[in-house]
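# Make a model of this:
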Amino acid sequence: MRAWEAAGTSSAEMISPDALHHNDRGYACVAAALARTIVAAAGPAPAQVAKR
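Reported below is the predicted structural model:
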């Protein structure tokens, strides 16, 4: 979340009113970061085999 704050999104914009859990925006940011990490760890996509 520090990186998101540095990019201009305050933590208050990502935390629910209970001040403990993320709101929808916070969970979306976590999901996007996780997806980028998984894709990066998976490496490049395998080459497509041409069908004849």
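
# where are the low-confidence patches of the protein?
Applying pLDDT under 70 to the chain picks out residues 50, 52.

# Look up the closest residue to Arg25, ignoring the ones flanking it.
Nearest-residue entry for Arg25: Met14, 5.3 Å, with adjacent residues in sequence omitted and distances by Cβ to Cβ, 6 or more residues apart in numbering. To be clear about C-beta, it is placed using only N, CA and C from the backbone, and glycine gets the same treatment.

# for that neighbour, what are its contacts?
Residues near Met14 by Cβ atoms under 8 Å, 6 or more residues apart in numbering: Met1, Trp4, His22, Asn23, Arg25, Gly26, Cys29.

# Contact partners for the third one?
When contacts are counted by Cβ under 8 Å, 6+ apart, His22 is found next to Met14, Ile15, Ser16, Cys29, Val30.

# taking those residues one by one, which sit in strands?
Nothing among these maps onto strands, per DSSP state E.

# Narrow those residues to those in helices?
Of the positions in the contacts of His22, Cys29, Val30 sit in helices, assigned by DSSP state H.

# Top of the contacts of His22 by number of neighbours, please.
Counting neighbours by other Cβ atoms under 10 Å, Met14 leads the contacts of His22 with 19 neighbours.

# coming back round to it: which of the contacts of Met14 are buried?
With burial judged by 16 or more other Cβ atoms under 10 Å, the buried subset of these is Trp4, His22, Gly26, Cys29.
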